[in-house]
Every structure is written in C-alpha cells, then in structure tokens.
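K.L.:
sequence and predicted structure, then a few things I'm wondering about:
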Amino acid sequence: DRDADSVPDVSDNCPDVFNPGQENLDGDAFGNACDPDDDNDGVSDVLEKNCESIVNGQFTNNLDNWNISGNISNQLGRMFFNGGNLPANGISSQIINTSAGQELTLNYQVGANANGGPVGVRVDVIDVNTNTVLATESIFKNTNAAATNESISFASIGNMTKIVFTDISTAPTNIDLYID
C-alpha cells in the first residue's frame, strides 16, 4: 500500500495518491484524486479547478439526458445542429441539480463543418423554478471553424438550473454547427 490509505495497491484506483474513499465520479479506471478529468467531460480538471464536477450529457454514444427538438443529431461523439444540411431550428436542453448561491462554470466546445456561411449558437442558463436567466452568450463560427473552448459562468439561485443550446445560424444549408 504505497500511499498508506489502507487500500491494497492492486485494488487502489490511485495507488500513489492517498484516497481512502476511492471516489471515482466518472467510473473510469482512475480515482478523482489522480484523474486529470474526473467528470470525463473532455475538459481537464486544471481548467475546471474552481468548478464543481457534474457529469452531464457527454455526446460519446448518444444524447441521453438532453431534451432535443429540431434538427439535432449525434455524430462523431458530438451534438450536431443542422445534421444532414437541414435548416437551422435545433434546441437542446438539460436540467442540472444546483444549490442556491453556487458559483458554476459550464465548459464546452463549439465548431463548424462544411461550407455555406456563418453558424451560431446561443447558450442560456436559466433557473427552473423562477425562469430567471442567469447567464446568456452567443457564439458564431465561420465556415470550417475548428472547435474552440468556450465557457459561461453563473451563480445558481435555486436547486435546478437549465442549460439551453439554441441554434441561431444564419446559413441556409450545407453547414453544421457542433457542440462537444
């Protein structure tokens, strides 16, 4: 037991880091104490150092936990808006549990594929109980724009907060906006 946490090294999910509780938020092979991305959202814990870890809607296999309307699909492990070159009209949302006064930052990536003009997404963070908008941001991308890291910070005022991504693209067809 190299880290003296009373868990034998063969069973320890962080054999070199003291972690007697063996916490493992994302259920992978590494405990939170030594996992570089302990909520497995693709954003390193270093970037999220002041954020609470909330596992939410990764798009690796499907769009579980997301309410979807319009032209949205899961492709290449990403949420694609306008998938199949359809007109812009997609909305996706998810409710997360929060505590009043909690300071949170939502980290995500936005990019564009193909040709056809500018695409955009509006991100709204809304308190579910009061319908108060806590934060909003619009991001626009040009043709074939590589994914960029984006974030939006907010203070929750209740116990449920809704994250909403709305396609606000002006390109008529032949371009996809994606969120990861």
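P.N.:
Structure received.
K.L.:
hey, let's count contacts and neighbours off CA atoms from now on
P.N.:
Noted.
K.L.:
which stretches of this structure have low pLDDT?
P.N.:
Within the chain, the ranges that satisfy pLDDT under 70 run 39, 41-64, 76-77, 82-88, 114-117, 171-178, 180.
K.L.:
what about the strand ranked longest in the chain, distance to the chain center?
P.N.:
For the chain, the strand reaching the highest residue count under DSSP state E is reported as strand 103-113. With CA atoms, centre = their mean, to the nearest Å as the basis, strand 103-113 stands 6 Å off its chain's centre.
K.L.:
list the neighbouring strands of that strand plus their orientation.
P.N.:
strand 148-155 (antiparallel), strand 176-179 (antiparallel) (DSSP bridges).
K.L.:
name the residues of that strand that come out as buried.
P.N.:
By 16 or more other CA atoms under 10 Å, the buried positions in strand 103-113 come out as 104, 106-113.
K.L.:
re earlier: got JSON lines for the strands paired with strand 103-113, with distance to N74 and mean neighbour count too?
P.N.:
What follows is the strands paired with strand 103-113, written out as JSON lines (distance: least, CA to CA, whole Å; neighbours: other CA atoms under 10 Å):
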{"stretch": "strand 148-155", "distance to N74": "19", "mean neighbour count": "14"}
{"stretch": "strand 176-179", "distance to N74": "9", "mean neighbour count": "26"}
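K.L.:
among those, which is nearest G90?
P.N.:
Taking CA to CA, strand 176-179 is the member of these nearest to G90, at 10.3 Å.
K.L.:
what residues are up against E137?
P.N.:
Contacts for E137 were tallied using CA atoms under 8 Å, 6 or more residues apart in numbering; they are 122-124, 152.
K.L.:
now the buried members of these.
P.N.:
Buried by 16+ other CA under 10 Å: 122-124, out of the contacts of E137.
K.L.:
check the secondary structure at C14 for me.
P.N.:
coil (DSSP: H, G, I helix; E, B strand; the rest coil).
K.L.:
please begin residue numbering at 16 from this point
P.N.:
Will do, 16 is the new start, and the previous item becomes C29.
K.L.:
what are the buried residues along stretch 141-160?
P.N.:
The neighbour-count check on stretch 141-160 (16+ other CA under 10 Å) flags 141-143, 149-151, 155-160 as buried.
K.L.:
scratch that, stretch 37-48 is what I was asking about
P.N.:
37, 39-41, 45-48.
K.L.:
adding secondary structure, write those out as CSV.
P.N.:
Output for the buried residues of stretch 37-48, formatted as CSV (three-state DSSP):
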residue, secondary structure
Q37, coil
N39, coil
L40, coil
D41, coil
F45, coil
G46, coil
N47, coil
A48, coil
